[in-house]
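**Q** Prediction below, plus the sequence it came from.
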Amino acid sequence: MTVNEKIERTYNALKKVLGWTVDKRVTLSLAGYYVTLEREFNEKRYNEISTHIKKSVGMFNPLRSHLHPLFVSTLDVSDMEPKQAVDLLIEKTEALKAASFKINSYAYLAALMMSEDKENWSGEIKRAEQLMADMKKHHRFLTSTDDYPYAMFLGKLEGDTALRAETMNRYYKQLKDYKFYAGNELQWMSQVLTYTSPNYEESLIQRAVIIRDGLKTVKIKTSAPQYPIIGFMAALKLEEDQLNEIVTTYESIANMKLFSWYKESALPIAFGLSLRSSKDIYATAAISMATSLELILQAQQAMMISTIAATSVAASSGTN
């Protein structure tokens, strides 16, 4: 069975469960997510997790919002029993709340970045808090709760948080000079560029510009929601053949009938599919990060895409 056939089969299975109330782009992206992680969609397990979430939180909890399918799928790919997976996510979020994090969708995403070992939580939360504080010194008004996931994700990496925040600011300012539009998406992109090192690397700016312009050349959308993905492509220092593979995979997926009106949803899937053979666990987490914040951004506007789940598995594995 080809990748495209797997995406279509998984989409149909998801649609059966999610129905017509969930935006098609969310369902498409979740289908791509399962295929990227080489996981079979299990309707029974998915429904068990969904039921546990609804039993465990109130009606207006972010876990029951329009992002509910995202969180269910994230927990679905873990190896934990449904109730255990849900309880652990809620416990992580309570730890964030105790540390004065505002509880919203971004806090739950940050919780997914935390390791499964409770002994690590205190240190991880402190590092995330410190990185947020350092970022605010440069972007006081731009830095907000929507930065929680990246603060947790990047805070777990080695390196001085103040240096990382300073480097982010330099990237942000320089990217604007190359006609990347200022805003939350560019802030996320500047954060992403520090993924491989907290030290400033001027070459990453040129890489990002070349990737953006190259994607434009082959008529792949490079508007603000794609900034984090472009950032990861640059930070991971992908070679030309790898970038060409992403483009080829994108074109194959985007030409599917399912994606006729939703071609922008094909890029994160192509990115994940093209890199999964790298065997780099933390790179898998990076892929998930890029697509997760695109989801949050676009889901709030039009219930857009999803794919963060690998991070909860891969990031915790990377800390073992």
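**A** Cool, the structure landed. Numbering: from 1, shown residues only.

**Q** Just the C-alphas of stretch 22-42, formatted as PDB.
**A** The C-alpha coordinates for stretch 22-42 follow below in PDB (Å, rounded to 0.1, in the frame of the first residue of the first chain):
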ATOM      1  CA  VAL A  22     -14.700  18.500  12.600                       C
ATOM      2  CA  ASP A  23     -13.100  20.600   9.900                       C
ATOM      3  CA  LYS A  24     -11.800  18.400   7.000                       C
ATOM      4  CA  ARG A  25      -8.300  19.900   7.300                       C
ATOM      5  CA  VAL A  26      -8.000  18.700  10.900                       C
ATOM      6  CA  THR A  27      -9.100  15.200   9.800                       C
ATOM      7  CA  LEU A  28      -6.600  15.300   6.800                       C
ATOM      8  CA  SER A  29      -3.700  16.300   9.000                       C
ATOM      9  CA  LEU A  30      -4.500  13.800  11.700                       C
ATOM     10  CA  ALA A  31      -4.500  11.100   9.000                       C
ATOM     11  CA  GLY A  32      -1.100  12.300   7.800                       C
ATOM     12  CA  TYR A  33       0.100  12.300  11.400                       C
ATOM     13  CA  TYR A  34      -0.800   8.600  12.000                       C
ATOM     14  CA  VAL A  35       0.800   7.600   8.700                       C
ATOM     15  CA  THR A  36       3.900   9.600   9.400                       C
ATOM     16  CA  LEU A  37       4.300   7.800  12.700                       C
ATOM     17  CA  GLU A  38       3.500   4.500  11.100                       C
ATOM     18  CA  ARG A  39       0.600   3.900  13.500                       C
ATOM     19  CA  GLU A  40      -2.600   2.200  12.600                       C
ATOM     20  CA  PHE A  41      -5.700   4.100  13.700                       C
ATOM     21  CA  ASN A  42      -7.600   2.100  16.300                       C
END
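
**Q** How far off centre is it?
**A** Distance of stretch 22-42 from its chain centroid, counting by Cα atoms, centre = their mean, to the nearest Å, is 14 Å.

**Q** what is the mean pLDDT for it?
**A** Mean pLDDT, stretch 22-42: 86.

**Q** in it, what's buried?
**A** Residues of stretch 22-42 classed as buried under the neighbour-count rule (16 or more other Cβ atoms under 10 Å) are 22-37, 41. The C-beta positions use only the backbone N, C-alpha and C, and glycine is treated the same way.

**Q** I'd like to know which of the residues you listed are part of strands.
**A** Judged by DSSP state E, the buried residues of stretch 22-42 include no members of strands.

**Q** In terms of pLDDT, where does residue 153 sit?
**A** Note on residue 153: pLDDT of 87.

**Q** Kindly report the same for the one 4 residues further on.
**A** Per-residue confidence at residue 157 stands at 87 (pLDDT).

**Q** Residue 207 is in contact with residue 236, isn't it?
**A** No. Residue 207 is not in contact with residue 236 according to Cβ atoms under 8 Å; the separation is 9.6 Å.

**Q** in this protein, what secondary structure element scores lowest on mean pLDDT?
**A** The least trusted helix or strand in the chain, going by mean pLDDT, DSSP states H and E, turns out to be helix 309-318, with a mean of 46.

**Q** May I see the buried residues of stretch 42-52?
**A** Result for stretch 42-52 [16+ other Cβ under 10 Å]: buried residues 45, 46, 48, 49, 50, 52.

**Q** I meant to write stretch 206-216 there.
**A** Within stretch 206-216, the residues that count as buried by 16+ other Cβ under 10 Å are 207, 208, 209, 211, 212, 214, 215.

**Q** Residues contacting it, please?
**A** With Cβ atoms under 8 Å, 6 or more residues apart in numbering as the test, stretch 206-216 has contacts from 175, 178, 180, 189, 193, 221-222, 226, 230-231, 233-234, 237-238, 243, 247.

**Q** how distant is it from the center of its chain?
**A** Worked out by Cα atoms, centre = their mean, stretch 206-216 lies 21 Å from the chain centre.

**Q** Next up, phi/psi of residue 102, please.
**A** Residue 102 adopts backbone torsions of phi -80, psi 130, taken as degrees, to the nearest 10.

**Q** need the contact list for it.
**A** By Cβ under 8 Å, 6+ apart, residue 102 lies in contact with residue 145.

**Q** gap between it and residue 148?
**A** 8 Å (Cβ to Cβ, to the nearest Å).

**Q** what does residue 209 give?
**A** Using Cβ to Cβ, residue 209 is found at 28 Å from residue 148.

**Q** picking up where we left off before, identify the farthest-apart pair in the contacts of stretch 206-216.
**A** 221 and 237 (22.9 Å; Cβ to Cβ).

**Q** Name the nearest residue to residue 263, sequence neighbours excluded.
**A** Closest residue to residue 263 apart from its sequence neighbours, by Cβ to Cβ, 6 or more residues apart in numbering: residue 254 at 4.3 Å.

**Q** To clarify, my last question referred to residue 85.
**A** Closest to residue 85 by Cβ to Cβ, 6+ apart is residue 75, at 4.2 Å.

**Q** I am finished for the moment; much appreciated.
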